[in-house]
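Trainee: need the 3D shape of this:
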Amino acid sequence: MKITIFMAMSMNGVVADEDGSEDFLSHTHWIEFCKVANNSGCVIWGRKTYDAVRKWDKKYLNSIKAKIIVVSRKPSEDVKHGCIYVKSPKDAVSIAKNLGFKWAILAGGPTLNTAFMKEGLVDEVVLSVEHIIARGRKVFTNQKFMNKLSLLNLKRINKDVIRATYSIR
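Mentor: Numbering: from 1, shown residues only. Model (predicted):
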């Protein structure tokens, strides 16, 4: 099963403000995310990402036609919209495989992205860049791991946004 981290971020790796807000990102990122997520059929989010998107206008969550798997160490009775709750990255991959998916998009926060990387579950990283933000939540937490990347594609999404696609070596 192929797992792709798909993140919109600032040039220096910030994916959200310190309070978790992503208001600095243009709508272009959401449109691109939905295209890729719906194409794969399966999205893996952390609980905080799921909770944040649920608070947005309903049209955002409704624009995702893919199955959503929510990963959290804390049990939650509040996972809705046909989402599946699991406790670990390995459980998320197992459920996705059991549902017949060959590809899943991981769009979690720093903690979940790091957990997947540390467990060697990521095959590809796709990063869209448009800003520089001094402080905020990064793509990964400050834990130790290292992966070499191979650039597969560099695409200009619009006049302000670039997207780089890397495979994990």
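
Trainee: contacts only, for Ile3.
Mentor: Going by C-beta atoms under 8 Å, 6 or more residues apart in numbering, Ile3 touches 44, 93, 103-104, 106, 116, 121-124. Where C-beta positions appear, they are placed from N, C-alpha and C, glycine not excepted.

Trainee: swap in Leu106?
Mentor: 3-6, 44, 112-113, 116, 122.

Trainee: for Asp160, see how far away it is.
Mentor: Taking C-beta to C-beta, to the nearest Å as the measure, Leu106 falls 25 Å from Asp160.

Trainee: for the residue at minimal distance from the centre of the chain, give its distance to Leu154.
Mentor: By C-alpha atoms, centre = their mean, the mean C-alpha position of the chain lies nearest to Ala107, the distance being 0.8 Å. Noted for Ala107: a distance of 20 Å to Leu154, by C-beta to C-beta.

Trainee: quick one on the thing from earlier: wait, the residue nearest to the centre of the chain sits on Val43?
Mentor: Yes - counting by C-beta atoms under 8 Å, Ala107 does reach Val43; the two are 6.3 Å apart.

Trainee: find residues that contact each of these two.
Mentor: Ala37.

Trainee: quick one on the thing from earlier: restricted to buried residues, select the contacts of Ile3 in PyMOL.
Mentor: Applying 16 or more other C-beta atoms under 10 Å to the contacts of Ile3, the buried members can be selected in PyMOL as follows:
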select buried, resi 44+93+103+104+106+116+121+122+124
